[in-house]
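Chemist: need coordinates for the following:
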Amino acid sequence: MQLSVPIRQAAVVLAIATCAAAAACSRPSGETARAATPSAAAPNPIPVPSTGNMLQPTDLYHLRSIGDVRVSPDGSRIAYAVVNNNRSGRPYTQVWIMDVGSRQSARLGSQGGTASNPHWSPDSRRVAFLGSDGERYGLQVANAEGTQTRLVAPVVTTNHPLPSSGDTIAWSPDGKRVAFISATPGPEQDANGDPMIVTRYLYKPTASEGSTRFNDNRRLHIFLADVDSGTVKQLTSGTYYEHSLDWSPDGSRILFVSNHEPDPDRFFNYDVFTVSVADGSIAQLTQTKNAEYRPIWSPDGRQIAYLGTTRPLTSSETTMEDTHVWTMNADGSGRHEVRESIDNRQGPPRWSRDGQGLYFTVQERGETHLYRIPASGGKPVRVVGDEGSVGAWSIAEVNNGAAVAYALSTRTRPAELYLRTGAGAASPLTDLNRDLLAARTLGAVESFTFPSFDGTAIEAFLTKPVDLDERASQKHPLIVMMHGGPHGQQGPEFNSKAQLYAARGWAALMVNYRGSTGYGQKLADAIFGDQNGGEARDVLAGVDAALKRYPWVDASRMGLEGGSYGGQLTNWIITQTDRFKAAVPAASIANLVTQNYLSYYHDYLAVEFGAFPHENGIIDKLWERSAIRYVNRVKTPTLFVHGENDNDVPIAEAEQFYIALKDVGVETVMVRYPREGHGLRETAHVIDMINRSIDWYERHFKLEVKS
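Modeler: Down below sits the predicted model:
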């Protein structure tokens, strides 16, 4: 299970959530420590709290990052979202428009409002986005300069799980209309009523939901809005969910993704569809057993590119099989994968202006880079190979070449906005955290590869203590931080929690155990049918390798933590060894059997083990690999952290193991956070969790020293 943020790149949120799935790197060449000084019209610098030169948990209120990025078709402006953490509650986004020539920025939307998902009109003269003015939320349109904003149509959302969904806004080619997604009531009774009547198989909401335990049963449909008149027309209806929009170049059809299986709640299977703008008739372009995501028309409308898998069962929660870029003809025929030598997980594609090439991201050894490949197949070329992790990105191809704008997270910064034109070096356009991070000393991050128990090469990343003097005899504690998924990756990208540990003189170790992405399909598959097996041994082998490589690490003061699947591994590992003096599992699984039936998804373990629990004796295997079965072996003091309304990993998982540890006499505390789903999102909660984790470790490290 991977802690997630709505699609997709709220980098600071990911970095400070309980399972920081961070992956990144050092500065691109040519970047200076104070590059991209914000202009007067850019997001205002936040005053630096005077807490010394070490990063403090309360600094998280002041960290910001770049989310969505959209270059205007003419390349003259960039719309970008800034993720902020300085209000009570959850992080919020604002959208800014930067003039590329002057580097001046103006904010979209009303003062104090929020905005997200900017989309440029084809003529670059207007921008559509989703926003709230404090009272009304909906589709809004502004001039290219960010002025004359007005609400075009209200938008209703849903809490239904829709993993890997794409664009919810699409302009018509003539720039007169905008297609958008909004929700309508479903046929079921209200599951939040009195009494609560549940009839659906998938009756729980998405992982990020924190205010309720039940699906609102609304359905998502496609609407058309006339931008000038404000006239709105509903284009689709029924009991399905439509999303991932793209308007055809000739203006006649709109691409979308939906699941039209006979029982879509039970079987996750996205397919690609089109709907006629004229009469609402729907054509299904794919009808495969595997999943398709994020389709997009070629410039001439003759082909469609999309992300796809090949296996007959895909989980609605996490995907063991790496997604790859595919193309097909506009009628759904001629499907083929566009791949030459890239085995790793790929991101959503975009066509080049001439239709001859495709751009997409690739996860590579803890980093994420941007590639271009001929649409007909051929040798891929790195477009953005900066040391770091590319988040959101956008390309405008104009007469003087391609302009690539992208969010990049590095070793020393959360995601910032960069621009690369032609073959030149990247230019940083923002430095949102300049003043704060210039006043803080950060720990160095380096990677190393080691042979695991069976000889498999595994990569790990270590954040060094800020006060480290390798010539001295001083020993430093080590915190092992495990990512979720299990199909995710970590890297040297800015990770605020690892840096907070470094500020206290501790090292932080992140191991990309088998099952991780970014290392090819073989390693991702190596966890199949073996959860809490080889990957747990990879982590322990990584600890041994770190102790051998870094003699200043104190083997007598080590802590263990992780979120989601990383929390599951934490629970498991403390049943296998007592070498860790304290553990902090977050959103963790203790019992694979109950997890299967209590979670909002019920296909995840079927994909991971090859069959549903009631088939082929799988339920016995799940019990065999459940940490709670071996609770009598645990000696490690354990602090459980969980969201009260976690529907991905229900809090019953923490409750079970908490009581089990009490029964066997192990010191344990359970911290439950209200208004939280899977992973902590309210900044105050994240800070509280970090402070409690630090206190927990310090307490047990000191006890060990005294003994």
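Chemist: and the closest residue to Tyr92 other than its chain neighbours, how many neighbours?
Modeler: For Tyr92, ignoring the flanking residues on the chain, the nearest one in space by Cβ to Cβ, 6 or more residues apart in numbering is Thr114 at 4.9 Å. Where C-beta positions appear, they are placed from N, C-alpha and C, glycine not excepted. Thr114 has 19 neighbours, counted by other Cβ atoms under 10 Å.
Chemist: surely Thr114 touches Gly131?
Modeler: Yes: using Cβ atoms under 8 Å, Thr114 is in contact with Gly131, at 6.1 Å.
Chemist: how about the longest helix along the chain as PDB, C-alpha atoms only?
Modeler: For the chain, the longest helix by residue count, based on DSSP state H, is helix 683-706. Provided in PDB are the C-alpha atoms of helix 683-706 (Å, rounded to 0.1, in the frame of the first residue of the first chain):
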ATOM      1  CA  THR A 683       0.300  19.500   8.800                       C
ATOM      2  CA  ALA A 684      -0.300  19.800  12.500                       C
ATOM      3  CA  HIS A 685      -0.800  16.000  12.700                       C
ATOM      4  CA  VAL A 686       2.300  15.300  10.600                       C
ATOM      5  CA  ILE A 687       4.400  17.500  13.000                       C
ATOM      6  CA  ASP A 688       2.800  15.900  16.000                       C
ATOM      7  CA  MET A 689       3.600  12.400  14.600                       C
ATOM      8  CA  ILE A 690       7.300  13.400  13.900                       C
ATOM      9  CA  ASN A 691       7.700  14.800  17.400                       C
ATOM     10  CA  ARG A 692       6.200  11.700  19.000                       C
ATOM     11  CA  SER A 693       8.400   9.500  16.900                       C
ATOM     12  CA  ILE A 694      11.500  11.500  18.000                       C
ATOM     13  CA  ASP A 695      10.500  11.300  21.600                       C
ATOM     14  CA  TRP A 696       9.900   7.500  21.300                       C
ATOM     15  CA  TYR A 697      13.300   6.900  19.800                       C
ATOM     16  CA  GLU A 698      15.100   9.200  22.200                       C
ATOM     17  CA  ARG A 699      13.500   7.600  25.200                       C
ATOM     18  CA  HIS A 700      14.500   4.000  24.200                       C
ATOM     19  CA  PHE A 701      17.900   4.900  22.900                       C
ATOM     20  CA  LYS A 702      18.700   6.500  26.300                       C
ATOM     21  CA  LEU A 703      17.300   3.500  28.100                       C
ATOM     22  CA  GLU A 704      19.700   1.400  26.200                       C
ATOM     23  CA  VAL A 705      22.600   3.600  26.900                       C
ATOM     24  CA  LYS A 706      21.900   3.600  30.700                       C
END
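Chemist: residues in contact with the helix or strand encompassing Asn596?
Modeler: Per DSSP states H and E: Asn596 is located in helix 592-598. With contact meaning Cβ atoms under 8 Å, 6 or more residues apart in numbering, helix 592-598 is reached by 531, 589, 602, 604-605, 613, 619, 622-623, 625-626, 649-650, 652-653, 656.
Chemist: can you flag the buried ones in those?
Modeler: 531, 589, 602, 604-605, 613, 619, 622, 625-626, 649-650, 653, 656 (16 or more other Cβ atoms under 10 Å).
Chemist: re the thing from before, off-centre distance for the longest helix of the chain?
Modeler: Computed by Cα atoms, centre = their mean, to the nearest Å, the separation of helix 683-706 from the middle of its chain amounts to 26 Å.
Chemist: which strands or helices does it pack on?
Modeler: Contact here means 3 or more Cβ pairs under 8 Å, 6 or more residues apart in numbering; DSSP states H and E; on that basis helix 683-706 packs against helix 11-16, strand 476-482, helix 496-503, strand 553-563, strand 582-586, strand 638-643, strand 668-673.
Chemist: tell me, which of these is the model least confident about?
Modeler: Mean pLDDT per stretch puts helix 11-16 lowest among these, at a mean of 33.
Chemist: before we move on, back to that, which residues touch the longest helix of the chain?
Modeler: Against helix 683-706 from outside (Cβ under 8 Å, 6+ apart): 16-18, 57-58, 60-61, 85-86, 88-91, 477, 479, 497, 500-501, 504, 506, 556-557, 559, 561, 581-582, 584, 586, 637, 639, 641, 669, 671, 673, 676, 680.
Chemist: mean confidence for it?
Modeler: Mean predicted confidence for helix 683-706 is 88.
Chemist: how about that helix: buried residues?
Modeler: Taking 16+ other Cβ under 10 Å as the criterion, helix 683-706 shows 683-690, 693-694, 696-698, 700-701 as buried.
Chemist: Ser352 is nearest to which of the helices and strands packed on helix 683-706?
Modeler: Across the helices and strands packed on helix 683-706, Ser352 has its closest neighbour in helix 11-16 (26.6 Å, Cβ to Cβ).
Chemist: returning to what we had before: relative to strand 553-563, how tilted is the longest helix of the chain?
Modeler: Helix 683-706 runs at 150 degrees relative to strand 553-563, counting by axes from the mean of the first three to the mean of the last three Cα atoms, to 10 degrees.
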